[in-house]
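K.L.:
After the sequence you'll find the predicted model.
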Amino acid sequence: MIDYDKLQKSLKHLELQFENLQRAKDRSELTDIDREGIAESVIQRFETCYDTLWKTLKRYLSEETGLADTPNSPKPILKLAGQNNLLSGSVEQWLQYADARVSTAHDYSGEKVGECLAIMASFISDAIDLYQTMSGQSWK
């Protein structure tokens with residue numbers, strides 16, 4: 001049986017910190033460095049959540065759908081998930097998430113952070129849908 005607690009926790013933390021970032025725009029007491037720190041936290045939580053999600057998905061494909069010899073990297077796993085109708089978004093969208101994860105690995109420059117943050121709401125929504133599909137639980 002697959003334990004979805006780590007995925008649920010990492011996704012919830014990402015969701016809450018992204019909401020925090022959205023509210024930070026209207027908080028005049030925050031400095032630019034405060035906002036930058038919140039944005040960097042969102043990116044770090046995205047990285048953790050994404051990594052947890054694709055590894056959980058790998059296990060799901062192996063244990064729940066019976067796929068043997070599942071690959072050990074995200075993009076082939078995401079393609080298999082698409083072929084098995086597990087993704088609410090397109091495979092191409094999920095591959096964009098994978099690219100965003102790779103691009104933020106060691107570079108938090110303004111442009112890359114901006115690109116990653118621009119897809120964050122979609123990622124969170126798609127990740128919640130995938131969590132619900134895999135776990136059979138509704139999102140809390």
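P.N.:
In hand now; what should we look at?
K.L.:
Flag the shaky bits of the chain, pLDDT-wise.
P.N.:
Regions of the chain meeting the criterion pLDDT under 70 cover residues 106-110.
K.L.:
centroid residue for it?
P.N.:
Ranked by distance to the mean C-alpha position of the chain (Cα atoms, centre = their mean), the top residue is residue 50 at 3.7 Å.
K.L.:
The host helix or strand of that residue: which residues count as buried?
P.N.:
For residue 50, the host element (DSSP states H and E) is helix 32-63. For helix 32-63, burial by neighbour count (16 or more other Cβ atoms under 10 Å) applies to 38-39, 41-43, 45-50, 52-54, 56-58, 60-61. Every residue, glycine included, has its C-beta placed from N, CA and C.
K.L.:
separation between the residue nearest to residue 75 when sequence neighbours are not counted and residue 136?
P.N.:
Computed as Cβ to Cβ, 6 or more residues apart in numbering, the closest residue to residue 75 that is not its neighbour in sequence is residue 98, at 5.4 Å. Residue 98 sits 25 Å away from residue 136 when distances are taken as Cβ to Cβ, to the nearest Å.
K.L.:
Among these two, which residue is more densely surrounded?
P.N.:
Neighbour count, other Cβ atoms under 10 Å: between residue 98 and residue 136, residue 98 has more, with 16 against 8.
K.L.:
Just confirm that one contacts residue 78, I think it does.
P.N.:
Yes - using Cβ atoms under 8 Å, residue 98 is in contact with residue 78, at 6.4 Å.
K.L.:
intersection of neighbour lists for the two?
P.N.:
residue 54 (Cβ atoms under 8 Å, 6 or more residues apart in numbering).
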